[in-house]
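1. 3D model of this:
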Amino acid sequence: MIIVHVYLHAREETISAFKEATIKNAKNSIKEPGIIRFDVLQQEDDSSRFVAVEIFKNERAMLAHKETSHYAEWLKTAVPMLAEPRTRKRYLNHFPDDNGW
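-> Alright, predicted model coming up:
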């Protein structure tokens, strides 16, 4: 399992449109067979900051996600609304896992 946190900072004047485009991408993403979870979080004390939490079954699923039409649409629509380049961190899951550890 691969967990990715994508840190996003929208320009103030685009917050509503950015959130709409990002949620649309998330709703389509969770339909992909290789995606376990796809959350969109908005920072409570700064509404222009978001975190997308993406959980993939494996590397292949993560790469397949980047080939989808909804991800391409999100790139075209939402990325220009960012105040700064997005950043991401990858995490590995240790608990809970499929083995009950």
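2. show me where this protein has helices.
-> 15-29, 59-65, 69-78 (DSSP state H).
3. for those, which one ends up most surrounded?
-> Mean neighbours per residue, mean count of other C-beta atoms under 10 Å, is largest over those for helix 15-29, with a mean of 17. C-betas here are computed from N, CA, C, even on glycine.
4. ok so, going back, if we compare the helices of the chain, which one ends up closest to residue 1?
-> When these are compared by C-beta to C-beta, helix 59-65 sits nearest residue 1, at 9.5 Å.
5. which residues sit against that closest one?
-> Surrounding helix 59-65, the residues in contact under the criterion C-beta atoms under 8 Å, 6 or more residues apart in numbering are 2, 4, 29, 32, 33, 34, 35, 54, 56, 71.
6. how far away is the closest residue to the fifth one other than its chain neighbours from residue 77?
-> The reference is to residue 33. With C-beta to C-beta, 6 or more residues apart in numbering as the criterion, residue 33 has its nearest non-adjacent residue at 7.5 Å, and that residue is residue 61. Counting by C-beta to C-beta, to the nearest Å, the separation of residue 61 from residue 77 is 23 Å.
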